[in-house]
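J.: predicted model and sequence below, questions to follow.
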Number of protein chains: 2
Amino acid sequence: MNKHKSFYDQIEDLVPSISMDCVVFGYHHKGLHILLLRYKKTNTWALPGGFLPKNATMENAVTDLLFQRTGVENIFLQQFHTFSSVKRGWTDRDGRNFEIIKSLWPQEHKGKLSKWFEQRFVSTAFMALVDASIVNPTPDEISDECKWISLNELPNLALDHRQIIEEAQRHLRQKINYIPLGRSLLPSKFTMYDLQLIYEAILGEELDRGNFQRKMMKLNFLDRHEKLMTGASNKAPYLYSINDKVYDQLIKDGIGFG
Amino acid sequence: MNKHKSFYDQIEDLVPSISMDCVVFGYHHKGLHILLLRYKKTNTWALPGGFLPKNATMENAVTDLLFQRTGVENIFLQQFHTFSSVKRGWTDRDGRNFEIIKSLWPQEHKGKLSKWFEQRFVSTAFMALVDASIVNPTPDEISDECKWISLNELPNLALDHRQIIEEAQRHLRQKINYIPLGRSLLPSKFTMYDLQLIYEAILGEELDRGNFQRKMMKLNFLDRHEKLMTGASNKAPYLYSINDKVYDQLIKDGIGFG
DNA sequence: TCAAAAGTGTTTCCAATACACCCATGA
DNA sequence: TCATGGGTGTATTGGAAACACTTTTGA
């Protein structure tokens, strides 16, 4: 999406009827969170999303829009479902919020904007994985707020966004062996326990610490570095980093988990 | 898609810019095949596909179009990717075939049709699984022929259909534990070896006969029936059928293969 | 010296693998 | 009786799981 024009002037450059939503997963405060936006003047939260420029692929468009929302370039991205239920316009499903947002638009653009948002949209849902520590959450033009929210404490959500999030989690679980969780969600150096917490959050079950450690080390994709001295009165964990070459091959063949 | 109107008259009822393609897998002559169509007067083959009616979901539309192509209702269906490369119109990528097809259209519809097919399409790809023995392959309005073709002998393919087929195979392999292969691809009674051949075709590797047998039986979703007397001079294999209740649960949790 | 967390060892169990063996079938 | 393919038995291996033990850290 064009970074300089206002949204009002971009509508002509968009493919009608098509939109994208993105479930951005981040490892934040020792748990999995997703990035949500709060619509202006409402208590309703929504996934970051956008529309398809005529001269871009959906992947490019989502990459751009995530850069806007996070300040991070080239976030790991994977589409997982295209939702085409017939009732999927803003007016159909979320009329009250739509009225509030509409009331904030400048008079001269109301017609064009209303018409755009009254369309039926077919929406392709993406999931993204990002190291939350480098993200700078930034609201879009129809939101007041953008922040990380724990998967265990999801608020009021717009449209069918709760369902989309659930689908994203299922997708993540089913493809867990083919997705570079470690590299995408963590900083370049991390502890073994951080990696374990990610797997536990996605699989929804606790794992044995010792067995996890040995399993990961045997896969041979982790390089051990100096210890992380936290100041806590217990043994300091080593920091690890990922050997990209080995990891790529593992992910390609399926890492063998769960 | 409406079954009575000709395609020429349906264009007004379709959502622009959106199409669907479907990779239909069938177990045919002891191997995995897919259903392909040959464009009229050409040597180019294509996946069954269609467009999105304004009042239907993509899933409904694909179900309908597969009924047209196969005579089978409620085929098992799963979408796996939405392709949005910018160059994806028929005119961009397959100009010569497009000219041939266009020349067959009635003069009075040429304008409307050309305009429709010159659009950029974003296409959602589905894969379908069906018991090939009950399929009656039927060409559509722009094809001369419709038949099962072995995955090992793919012909000239239109557009990016070869890439779509490869993606479908990858999807099938990666989600193999969550897809009801046995129930969707086989008739209600089948031999253990038929089931094994399907797994082998998808995984791309040979499996041990004895171990496969025991593994399947231990999962406890197969009921054993009478033997299948083929007339061959060797031990007759048992026929098996699927216990739907057990199988559903297995598929939901992931069957644990590969 | 203590508690807490990290890392390693050990034991048990079961699934995966590789074959060997026996059984049924019709020529 | 023979060849062929189906079904079962068995020995070996290796990973999964459970849990004990040792080490490190700073209070």
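T.: Cool, got the structure. Only a predicted model underlies this, so the values are computations on that prediction, with no experimental measurement involved. Residues are numbered from 1 along each chain as shown, chains lettered A, B, ... in the order given.
J.: got the phi/psi numbers for the residue of chain A positioned farthest from its centre?
T.: Distance from the centre of chain A peaks at residue A:233, with 35.6 Å (CA atoms, centre = their mean). Residue A:233 adopts backbone torsions of phi -90, psi 70, taken as degrees, to the nearest 10.
J.: for the residue of chain A found nearest DNA strand D, grab the count of nearby residues.
T.: Nearest residue of chain A to DNA strand D: residue A:235, at 2.8 Å (CB to the nearest atom of the strand). Every residue, glycine included, has its C-beta placed from N, CA and C. Using other CB atoms under 10 Å in any protein chain shown, residue A:235 is surrounded by 7 other residues.
J.: tell me where chain A has strands.
T.: Secondary structure of chain A (DSSP state E): strands at A:14-28, A:31-39, A:45-46, A:49-53, A:76-83, A:122-130, A:143-150, A:222-227, A:238-242.
J.: so where's the stretch 151-258 of chain A uncertain?
T.: For the stretch 151-258 of chain A, applying pLDDT under 70 flags the ranges A:258.
J.: can you list the residues of it near DNA strand C?
T.: Taking CB under 7 Å from any atom of the strand as the contact definition, the stretch 151-258 of chain A meets DNA strand C at A:191-193, A:209-211, A:213-214, A:217, A:227, A:232-238.
J.: give me whichever of the strands of chain A is most buried.
T.: Comparing the strands of chain A by mean neighbour count (mean count of other CB atoms under 10 Å in any protein chain shown), strand A:122-130 ranks first with a mean of 25.
J.: ok, is that strand in contact with chain B or not?
T.: Yes. Counting by CB under 8 Å from any CB of the partner chain, chain B is contacted by strand A:122-130 at A:122, A:124.
J.: helices or strands up against that strand?
T.: Here strand A:122-130 touches strand A:14-28, helix A:58-70, strand A:76-83, helix A:161-174, helix A:181-185, going by 3 or more CB pairs under 8 Å, 6 or more residues apart in numbering or on different chains; DSSP states H and E.
J.: and that strand, average pLDDT?
T.: Averaging pLDDT along strand A:122-130 gives 98.
J.: direction included, what does that strand pair up with?
T.: strand A:14-28 (parallel), strand A:76-83 (antiparallel) (DSSP bridges).
J.: got those strands as TSV, with distance to DNA strand C and mean pLDDT columns?
T.: Below are the strands paired with strand A:122-130 laid out as TSV (distance: least, CB to the nearest atom of the strand, whole Å; pLDDT from 0 to 100):
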stretch	distance to DNA strand C	mean pLDDT
strand A:14-28	15	97
strand A:76-83	25	98
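J.: from chain B, how far off is the closest residue in space to residue A:224 that isn't next to it in sequence?
T.: Excluding the flanking residues, the one nearest residue A:224 by CB to CB, 6 or more residues apart in numbering or on different chains is residue A:238, at 5.0 Å. Applying CB to the nearest CB, to the nearest Å, the value for residue A:238 to chain B is 32 Å.
J.: name the residues linked to residue A:238 by a beta bridge.
T.: Beta bridges link residue A:238 to residue A:227, judged by DSSP bridges.
J.: with residue A:79 instead?
T.: Judged by DSSP bridges, the bridge partners of residue A:79 are residue A:126.
J.: so it touches residue A:61, yeah?
T.: No. In this structure, residue A:79 is not within contact of residue A:61 by CB atoms under 8 Å, at 11.5 Å.
J.: just to revisit the earlier point, show me how to select, in ChimeraX, the buried members of the residues of the stretch 151-258 of chain A next to DNA strand C.
T.: The following ChimeraX command selects only the buried members of these, with burial defined by 16 or more other CB atoms under 10 Å in any protein chain shown:
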select /A:191,192,213
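J.: now intersect the residues of the stretch 151-258 of chain A next to DNA strand C with the helices, please.
T.: Using DSSP state H, A:192, A:193, A:209, A:210, A:211, A:213, A:214, A:217 are the members of those that sit in helices.
J.: hmm, back to that, any chance of a markdown table for the strands of chain A, columns distance to residue A:106?
T.: Listed next are those as a markdown table, based on distance: least, CB to CB, whole Å:
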| stretch | distance to residue A:106 |
| --- | --- |
| strand A:14-28 | 19 |
| strand A:31-39 | 18 |
| strand A:45-46 | 22 |
| strand A:49-53 | 19 |
| strand A:76-83 | 30 |
| strand A:122-130 | 26 |
| strand A:143-150 | 17 |
| strand A:222-227 | 54 |
| strand A:238-242 | 48 |
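J.: distance of the closest residue to residue A:43 other than its chain neighbours relative to residue B:229?
T.: Spatial nearest neighbour of residue A:43, excluding adjacent residues (CB to CB, 6+ apart): residue A:156 at 5.8 Å. For residue A:156, the distance to residue B:229 (CB to CB, to the nearest Å) stands at 64 Å.
J.: in terms of neighbours, single out the busier of these two.
T.: Legend: neighbour count by other CB under 10 Å for residue A:156 and residue B:229, higher for residue A:156 (14 against 8).
J.: can you count the residues close to the closest residue in space to residue A:172 that isn't next to it in sequence?
T.: Excluding its sequence neighbours, the residue lying closest to residue A:172 (CB to CB, 6+ apart) is residue A:202, at 5.4 Å. For residue A:202, the count of nearby residues is 20 (other CB under 10 Å).
J.: contacting residues around residue A:202?
T.: Shown in contact with residue A:202 (CB atoms under 8 Å, 6 or more residues apart in numbering or on different chains): A:32, A:169, A:172, A:173, A:176, A:181.
J.: quick one: buried ones out of the residues you listed?
T.: Neighbour counting with 16+ other CB under 10 Å marks A:32, A:169, A:172, A:176, A:181 as buried within the contacts of residue A:202.
J.: any idea how far the last one is from residue A:76?
T.: Residue A:181 sits 9 Å away from residue A:76, taking CB to CB as the criterion.
J.: what do these two both touch?
T.: Between them, residue A:181 and residue A:76 share these contacting residues under CB under 8 Å, 6+ apart: residue A:129.
J.: tell me which parts of the stretch 151-258 of chain A are close to DNA strand D?
T.: Neighbours of DNA strand D within the stretch 151-258 of chain A, by CB under 7 Å from any atom of the strand: A:208, A:210-211, A:215, A:218, A:227, A:229, A:231-236, A:256.
J.: from the buried ones among the contacts of residue A:202, which is closest to residue A:135?
T.: Of all those, residue A:135 sits closest to residue A:32, with 13.8 Å by CB to CB.
J.: so what's the closest residue to the closest one other than its chain neighbours up against?
T.: Leaving aside its chain neighbours, residue A:32 sits nearest to residue A:201 (4.2 Å; criterion: CB to CB, 6+ apart). The neighbours of residue A:201, taking CB under 8 Å, 6+ apart as the test, are A:31, A:32, A:151.
J.: any chance of those residues in CSV, with distance to residue B:143 too?
T.: Converted to CSV, these look like this (distance: CB to CB, whole Å):
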residue, distance to residue B:143
A:31, 53
A:32, 47
A:151, 47
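J.: pLDDT weak spots in the stretch 1-150 of chain A?
T.: Scanning the stretch 1-150 of chain A for pLDDT under 70 picks out A:1-5, A:88-89, A:92-93.
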